[in-house]
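J.: Fold the following.
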Amino acid sequence: MVRRTISPTADQADHIVPVVAMVPMRLSDPARRLFFRVCRSIFLYLDAMNRDNSVLSTSRFWDQRYRAGDSHWDLGSPTPVFVDLLARSILPRVGSIAVLGCGRGYDSILFAKGGFNVTAIDFSPLALADAADRIRGEGVAVRLLEHDLFSLPDSLTAQFDYVLEYVTYCAIDPERRMEFLKVVERILRPEGIFIGLFFPVDGRPAGPPFSVDVDEVKNELQTRFDLILQEIPETSVKPRKGKEVLMIWRKRTSAQSSERGGMQ
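T.: Next up, the predicted model:
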């Protein structure tokens, strides 16, 4: 018998009883891997429950996750929902697009191959280094910016026809979600398009990823944007199928917003 203990962090010691797992050596390798994966998920959940969410706003936190191989949000390929979106020709035209929290660059490359002028933004040097290598390998043009999304330079204001979001909104401190949506509004041109694939929408109590309330997103955006598409994608990867919602919004012009009332 192998005895493995998953201990709480120091700040959890007064609140959490250590988990002790007894794993028979006779378990098959796949079963053992699954067991430890579940144990690790439990530990990460307990850690998230007591984490100060301000650490999520630091590049160091995400670099550590990438370095440790704990980047489960990374699909390792372009997002199938976006592949399908481009194939369906729903977007009115190609143009400039900002990919917020671009990570290793898979979706940035996808849109660059689709004819878009892509600016990929992240504040993780490790993720951007991987993205740069991948972009060179694919032979496409993508501008990479190492920057905190919440302090983007004024030079990016009203510069983009599109903004793309996936698994960034759910990864930030939930207290900063309104701020995130204001960033989207600021960098989009009038009548620009916000493409948001919101995950997870399953009501989970902790994160990241933190659960997304679709109605909350709509309430925040509807005073300055018009919703032109909302659907539960059929092409989501299997573990996320039914747990994410695709929304496409068009930013109103100043005149249109004045008629209907602006974002407070």
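J.: Show me what counts as buried in stretch 79-98.
T.: 79, 81-82, 85-86, 91, 96-98 (16 or more other CB atoms under 10 Å). In this view, the C-beta of every residue, glycine as well, is placed from N, C-alpha and C.
J.: Double-check Leu85 against Leu91; I have them as touching.
T.: Yes: using CB atoms under 8 Å, Leu85 is in contact with Leu91, at 7.1 Å.
J.: intersection of neighbour lists for these two?
T.: Shared contacts of Leu85 and Leu91 (CB atoms under 8 Å, 6 or more residues apart in numbering): Ile195.
J.: which residues in the stretch 1-150 of the chain form helices?
T.: Listed in chain order, the helices of the stretch 1-150 of the chain (DSSP state H, counting those that start in this stretch) span 29-50, 59-67, 80-87, 106-113, 125-138.
J.: For the fourth one, the averaged confidence score.
T.: The reference is to helix 106-113. Average pLDDT, helix 106-113: 98.
J.: any weak-confidence spans in this structure?
T.: 1-26, 36-63, 65-67, 69-73, 204, 206-208, 258-264 (pLDDT under 70).
J.: mind checking the longest strand of it?
T.: What stands out as the longest strand in the chain, according to DSSP state E, is strand 188-198.
J.: contact partners of the following helix or strand past that strand?
T.: Downstream of strand 188-198, the first helix or strand assigned by DSSP states H and E is helix 214-221. Helix 214-221 has contacts (CB under 8 Å, 6+ apart) with 169, 177-178, 181, 194, 196, 198, 201, 227, 230, 245, 247, 249, 263.
J.: Can you dump the C-alpha atoms of helix 214-221 in PDB for me?
T.: This file holds the C-alpha atoms of helix 214-221, laid out as PDB (Å, rounded to 0.1, in the frame of the first residue of the first chain):
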ATOM      1  CA  VAL A 214     -24.500  35.100 -18.600                       C
ATOM      2  CA  ASP A 215     -27.300  37.400 -17.500                       C
ATOM      3  CA  GLU A 216     -24.800  39.500 -15.600                       C
ATOM      4  CA  VAL A 217     -22.700  39.800 -18.700                       C
ATOM      5  CA  LYS A 218     -25.800  40.900 -20.700                       C
ATOM      6  CA  ASN A 219     -26.800  43.400 -18.100                       C
ATOM      7  CA  GLU A 220     -23.400  45.000 -18.200                       C
ATOM      8  CA  LEU A 221     -23.100  45.200 -22.000                       C
END
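J.: what's in contact with the next helix or strand after that helix?
T.: Once the chain leaves helix 214-221, the next helix or strand it forms, by DSSP H and E, is strand 225-231. Applying CB under 8 Å, 6+ apart, the contact partners of strand 225-231 are 90, 185, 193-194, 214, 218, 221, 245-252.
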